[in-house]
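Give me the fold of what follows.
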Amino acid sequence: MELSDRIDLHGFGYQDYAQTSANSYLDADKKGTWNNDFFGLVLSATLSEKSKLWAQLEDTSNGGARFTWAFVDYELTDSVRLHA
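Model prediction:
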């Protein structure tokens, strides 16, 4: 099996503008800000016929990049899967 057949990568995200005339919320103020963004990547990598590695990387302009979760999915039987 080729490496490109074993790895899937999916991305998602948003960018928005925030402005408020009263209470500050999510870094918004009367001037407004574009500093409200999010980008995520989900990776799945086939390790064997019965196991897969999953991981999610998130990035924001305020918080930086970090892995938010990761696990291995193992197929014990056709109807039972283990996640660790």
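
And for the closest residue to Thr60 other than its chain neighbours, the neighbour number?
In space, Thr60 comes closest to Phe38 once its chain neighbours are excluded; the distance is 5.4 Å by C-beta to C-beta, 6 or more residues apart in numbering. Where C-beta positions appear, they are placed from N, C-alpha and C, glycine not excepted. Look at Phe38: counted by other C-beta atoms under 10 Å, it has 15 neighbours.

got it, and Lys52?
Each residue near Lys52 was counted by other C-beta under 10 Å, and the total is 19.

And Ala18, by the same measure?
There are 15 residues near Ala18, going by other C-beta under 10 Å.

Can you verify my assumption that it contacts Lys30?
No: in this structure Ala18 lies outside contact range of Lys30 using C-beta atoms under 8 Å: 11.3 Å.

Can you list phi and psi of the residue lying closest to Glu75 once chain neighbours are set aside for me?
Closest residue to Glu75 apart from its sequence neighbours, by C-beta to C-beta, 6+ apart: Lys50 at 4.4 Å. With angles defined as degrees, to the nearest 10, Lys50 sits at phi -110, psi 0.

Please report the distance of Lys50 from Glu58.
To Glu58, Lys50 is 28 Å away according to C-beta to C-beta, to the nearest Å.

In terms of packing, which of these two has more residues around it?
Each of Lys50 and Glu58 has its neighbours counted (other C-beta under 10 Å); Glu58 has more, 18 against 13.

what's whatever helix or strand that one lives in in contact with?
Element membership for Glu58, per DSSP states H and E: strand 51-60. With contact meaning C-beta atoms under 8 Å, 6 or more residues apart in numbering, strand 51-60 is reached by 37-47, 65-75.
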